[in-house]
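Student: Fold the following, please.
(one chain, ligands or ions: 1)
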Amino acid sequence: MMSLPYSELVDVYDKLSSTTRRLEMTEILVGFFKRCPSDVIDKAVYLTQGRLYPDFVPLELGMADRLIIRSISQAVAAPESEVAALYKKLGDLGNVAEYLLSRGRKQVTLHFFSGPPSRAEITVDQVYSVLDRIARSQGEGSQQEKLRLLSDLLRDASPREALYIIRTVSGVMRLGIADMTIIDALSIAFTGSKEARETIERAYNLTSDLGTIAKALATGGLAALGQTRPTPGRPVRPMLAERLSTPEEILEKMGGKCAVEYKYDGERVQIHRGEDGKVNLFSRRLENINGHYPDVAKLASGGISSRSFIVEGEIIAVDQTTGEMLPFQELMHRRRKYGVEEAMQAYPAALRLFDVLYVDGKDMTLEPYPVRREALRCITMEAETISLATQRVVGNPRSLEEFFEEAISEGCEGLVAKSMGASSVYKAGARGWLWIKYKRDYKSEMQDSVDLVAVGAYWGTGRRAGNIGTLLLAAYDPEEDMFRTVCKCSTGFSDEEIRNMHSVFERSIIGHRHARVDSKLTPDIWLTPSKVLEIRGAEITLSPIHTCGMGAIREGAGFAIRFPRFTGKWRDEKRPEDATTVQEIVEMYRRQLKRVDEPVRSKNA
Ligand code: ATP
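Tutor: Predicted coordinates:
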């Protein structure tokens, strides 16, 4: 086994932090991947992403700031109060550790007059294995164990290494590297060009694990990825829908005929059962959510007949007395750490399945939608609590509209139209026209809500003094992998939300604009893009001060959302990259213009 000094990874981090240009980041990573030994490349990839495992592994380092402060204090033999005071001043525990370690070493040097004591180099493997042990240490005595492991590691680290170790432990690496940048770099490093990107991306979409992919490439080359298929236990990145606002447009796009399914207002779930019978539930953002929905795991276990499977559906909350569907918010009770049992009683869940990706060893993702739907029907033993999404095949706008009204009256958000063509495969990880959503509120100006990412905040005034009162919000630009601002929002938050706002964002606060944020405004506080909020506005206007869609319609003008209001939905199941895109906002603006020219269409026309 070859070892890689952790200091080499630290050099890479330093270089990455000094640029915001994606091309440069890619080049830095290519150089690193080429010289990284293949047996640690998976670990190096996870660490570079600021974590230890792929998203779906439900293990966290689990160290609160207080415990980290204590570890630093023990490592450098400084009082905890001093570490805490420095943290208050510097705002980043990584910087605190770096400062204290270098101060400590200088003092030693002065004292002995003979240069710093020689220090054995720590390797990536060592750092990873200590962090892994920290994550795995759970239960009684684990806090002491974590404390010991971290302070020992810090004692062996250089100040610069300590900076990144602490940032990894506290979950704030902030290198700003998107998964797509890593994919580009892997492609260039191991095949010489970006052309292999598609194969790598497909493997990534099917396995959601860049570490394992990097290792396969480094050891077996591109051929090792050719056979990638969905595997129970590893979440597949979800297929997503485009949106349109009239039945006519939808049918035109779909070639005159399509299937339409109820769009349930619940939480998307991917359910896996392996050959070993183990059931796993994954959220839209690929986190393991077994803990939130033990009842759903049971429903799927009993209600699906094939031995192993990967199916997708929407979890909905049901009113116990009326049997009617309840709005999405009620399911958010399940996301609390405690009280899942109570929430299960108060808001029992039901399952509406809409896709199947794998059945008993067979990859279904390349089958067209009608074949998948039929396979799903065959394996589902339908009952009140588990059934297929209500569906109809339509060939004219009138029946589509009628079905839409029916869906709305049953408590759904609208419809998802699905292509039935020969190429209607399951496109993992992609938003495309094979699925088109049609929601109730597209009809009037900007009645439609958008999901935006908080990238900055402003202190409140008056009653809100001392609290964050306004958020600077951005849409996502997938082409450049940037977040571009589109409005400032201060309405729709409850008093309690305002009081808690600072602690909600505490971990995201940074002292400068994040490398992936494009903003002309300078908020009081900059945030790492992490939280997604649902926002409704009056309309979309051209704006010289926001950067979303800058220049798309007119030079020097971007787009702004007028009168934005928080709907009350924190979209915690969405990653920042899942937010409404800049292109969608531009599209919504165009449609808004078009609608002004058109006579108002009655819903029942
Ligand atoms: P939204 O915020 O509108 O739910 P999204 O970004 O989560 O959008 P989209 O792919 O744009 O996802 O819209 C489809 C979403 O609708 C799915 O993610 C899923 O959660 C939900 N959904 C409800 N019913 C269905 C269905 N029958 N087929 C597909 N998706 C459905």
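Student: Would you mind listing the buried residues in stretch 79-97?
Tutor: By 16 or more other C-beta atoms under 10 Å, the buried positions in stretch 79-97 come out as 83-84, 86-87, 92-97. (Glycine included, C-beta is placed from N, CA and C.)
Student: Okay, and which of these map to helices?
Tutor: 83-84, 86-87, 93-97 (DSSP state H).
Student: Closest one of these to residue 241?
Tutor: Of all those, residue 241 sits closest to residue 94, with 39.9 Å by C-beta to C-beta.
Student: measure the closest one to the ligand for me?
Tutor: Distance of residue 94 to the ligand, computed by C-beta to the nearest ligand atom, to the nearest Å: 33 Å.
Student: is stretch 424-438 up against the ligand anywhere?
Tutor: Yes. Stretch 424-438 is in contact with the ligand by C-beta under 6 Å from any ligand atom, via residue 437.
Student: Can you dump the C-alpha atoms of that stretch in PDB for me?
Tutor: Extracted as PDB, the C-alpha positions of stretch 424-438 are listed here (Å, rounded to 0.1, in the frame of the first residue of the first chain):
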ATOM      1  CA  SER A 424     -38.900   7.200 -22.300                       C
ATOM      2  CA  VAL A 425     -36.200   5.700 -20.100                       C
ATOM      3  CA  TYR A 426     -35.500   6.500 -16.500                       C
ATOM      4  CA  LYS A 427     -33.000   9.400 -16.800                       C
ATOM      5  CA  ALA A 428     -31.200   9.300 -13.500                       C
ATOM      6  CA  GLY A 429     -30.000  12.700 -12.200                       C
ATOM      7  CA  ALA A 430     -31.500  14.700 -15.000                       C
ATOM      8  CA  ARG A 431     -34.300  17.200 -15.400                       C
ATOM      9  CA  GLY A 432     -35.700  16.600 -18.800                       C
ATOM     10  CA  TRP A 433     -38.800  16.700 -21.000                       C
ATOM     11  CA  LEU A 434     -39.700  13.000 -20.600                       C
ATOM     12  CA  TRP A 435     -41.500  14.200 -17.400                       C
ATOM     13  CA  ILE A 436     -43.400  17.500 -17.400                       C
ATOM     14  CA  LYS A 437     -45.100  18.900 -14.300                       C
ATOM     15  CA  TYR A 438     -48.300  20.900 -14.500                       C
END
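Student: Flag every buried residue along it.
Tutor: 424-429, 431, 434-438.
Student: before we move on, what about stretch 516-529?
Tutor: Buried, per 16+ other C-beta under 10 Å, within stretch 516-529: 516-519, 523, 525-529.
Student: now those residues as CSV including secondary structure, pLDDT and distance to residue 123?
Tutor: Converted to CSV, the buried residues of stretch 516-529 look like this (DSSP: H, G, I helix; E, B strand; the rest coil; pLDDT from 0 to 100; distance: C-beta to C-beta, whole Å):
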residue, secondary structure, pLDDT, distance to residue 123
516, coil, 94, 30
517, strand, 96, 34
518, strand, 97, 38
519, coil, 96, 39
523, coil, 95, 41
525, strand, 96, 37
526, strand, 97, 34
527, strand, 97, 34
528, coil, 95, 29
529, coil, 96, 32
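Student: and which of these is nearest to the ligand?
Tutor: In terms of C-beta to the nearest ligand atom, no member of the buried residues of stretch 516-529 lies closer to the ligand than residue 529, at 16.4 Å.
Student: So the closest one sits against residue 484, correct?
Tutor: No. Residue 529 lies out of contact with residue 484 (C-beta atoms under 8 Å); the separation is 10.8 Å.
Student: one step back: which of the ones in helices among the buried residues of stretch 79-97 sits closest to residue 291?
Tutor: The closest of these, once distances to residue 291 are taken by C-beta to C-beta, is residue 93, at 27.9 Å.
Student: Can you list the low-confidence ranges for the stretch 151-300 of the chain?
Tutor: By pLDDT under 70, the stretch 151-300 of the chain contains no weakly predicted segment.
Student: So which bits of the stretch 101-250 of the chain are right by the ligand?
Tutor: So far as C-beta under 6 Å from any ligand atom goes, the stretch 101-250 of the chain lies against the ligand at 240-241.
Student: In the stretch 101-250 of the chain, what residue spans correspond to helices?
Tutor: Here the stretch 101-250 of the chain has its helices, by DSSP state H, counting those that start in this stretch, at 124-136, 142-156, 159-169, 179-191, 197-207, 210-220, 223-226, 247-253.
Student: Please identify the most buried of these.
Tutor: helix 159-169 (a mean of 23; mean count of other C-beta atoms under 10 Å).
Student: tilt between it and helix 142-156?
Tutor: Here the directions of helix 159-169 and helix 142-156 differ by 160 degrees (axes from the mean of the first three to the mean of the last three C-alpha atoms, to 10 degrees).
Student: Show residues contacting helix 159-169.
Tutor: 6-7, 9-10, 13-14, 47, 50-51, 61, 63, 68, 72, 75, 92-99, 101-102, 105, 122, 127, 131, 134, 150, 153-154, 157, 173-174 (C-beta atoms under 8 Å, 6 or more residues apart in numbering).
Student: try 6 Å this time
Tutor: 6, 10, 13, 61, 63, 93-94, 97-98, 101-102, 154, 157, 173 (C-beta atoms under 6 Å, 6 or more residues apart in numbering).
Student: on that earlier part again, and of the buried residues of stretch 516-529, the nearest to residue 281?
Tutor: residue 529 (26.2 Å).
Student: pLDDT and distance to residue 379 added to the buried residues of stretch 79-97, as CSV?
Tutor: Listed next are these as CSV, based on pLDDT from 0 to 100; distance: C-beta to C-beta, whole Å:
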residue, pLDDT, distance to residue 379
83, 97, 56
84, 96, 56
86, 96, 58
87, 95, 54
92, 92, 51
93, 95, 49
94, 96, 49
95, 96, 54
96, 97, 55
97, 97, 53
